[in-house]
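[1] What follows is a predicted structure for the sequence shown.
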Amino acid sequence: MFVEFKAQKAKEFLQGDFDEENNLHPLTIARKMDEIETRWQEIAGIPLCRVTAPVAYEEKEDAFHIKVNISEPMAKMAAMSRRARLELSLTKILDRKVRIDFALGSIVKNYRHETKEPIKKVKLKDLSEETLKEGTEAYKRQGASDELAHAMARISEYL
C-alpha cells in the first residue's frame, strides 16, 4: 500500500532532498512503514485489521501523521475508541510522536494477489564490478547497511 511512498522516499534518498536534522532518514521511514504494514494485524488487532489499513503518511511539525482508511462506516467508532492504543504502538515503532487520521476509504489488501494481469519482471542490466562497488560505497556513506547499499546500487538506474 505504501508502494508510491517507498518509491518517493527512495528518490529523495538518491537526490539528498531531505533535512537530516528535522526529519527521519527516508530509508528509515520506508523500512518502518513497511514494518507497520506487515505488522498491522498485530498492532490493530484482528477485528480492526479486517476493516482498516494504513494508507499514507505525512510528516508535520507536531507529529508524524498516518492516515488509516476504514472500509465500513460502522467500524469507525471502534477504530476511534482504539486510537490512543494504536498511536502508542506506532510511536514505539517510529520513535516519533504519531497521530492517526481516520478516513472512510478503500483498504486494498494483498494488492499483488488481486491483480489480473501477470506481473512484469524487469531484467536488471549487468553492471560492471567497478560501477556496482562505487554505487554500494555511495549508499553506505549515506547510512545504508551493506546489504541495502548493494541492492540499491543494483537498481539505482531504474529509480
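    Cool, got the structure. Residues are numbered from 1 along each chain as shown.

[2] Show me where the protein dips below the pLDDT cut-off.
    When residues are selected by pLDDT under 70, those of the chain lie in 1-27, 109-124, 157-159.

[3] residue boundaries of the helices in it?
    Remark: helices assigned in the chain by DSSP state H are 3-15, 26-38, 40-44, 46-49, 76-81, 83-94, 111-114, 129-141, 146-155.

[4] The residue nearest to Ser106 when sequence neighbours are not counted pairs with what?
    Once flanking residues are discounted, Ser106 sits nearest to Asn69: 6.2 Å by Cβ to Cβ, 6 or more residues apart in numbering. Using the backbone N, CA and C atoms, a C-beta is placed for each residue, glycine as well. For Asn69, the beta-bridge partners under DSSP bridges are Ala53, Ala103.

[5] Asn69 contacts Asp101, doesn't it?
    No. Assessed by Cβ atoms under 8 Å, Asn69 is found out of contact with Asp101, at 9.9 Å.

[6] okay, these two: which has more neighbours?
    Between Asn69 and Asp101, Asn69 has the larger neighbour count (other Cβ atoms under 10 Å), namely 20 against 13.

[7] List the residues that contact that one.
    Counting by Cβ atoms under 8 Å, 6 or more residues apart in numbering, Asn69 makes contact with Thr52, Ala53, Val55, Phe102, Ala103, Leu104, Gly105, Ser106, Ile107.

[8] From those, pick the one nearest Glu35.
    Ala53 (14.5 Å; Cβ to Cβ).

[9] so how many other residues sit close to the nearest residue to Glu87 once chain neighbours are set aside?
    What sits nearest to Glu87 in space, not counting adjacent residues and going by Cβ to Cβ, 6+ apart, is Val98, at 5.1 Å. Using other Cβ under 10 Å, Val98 has 20 neighbouring residues.
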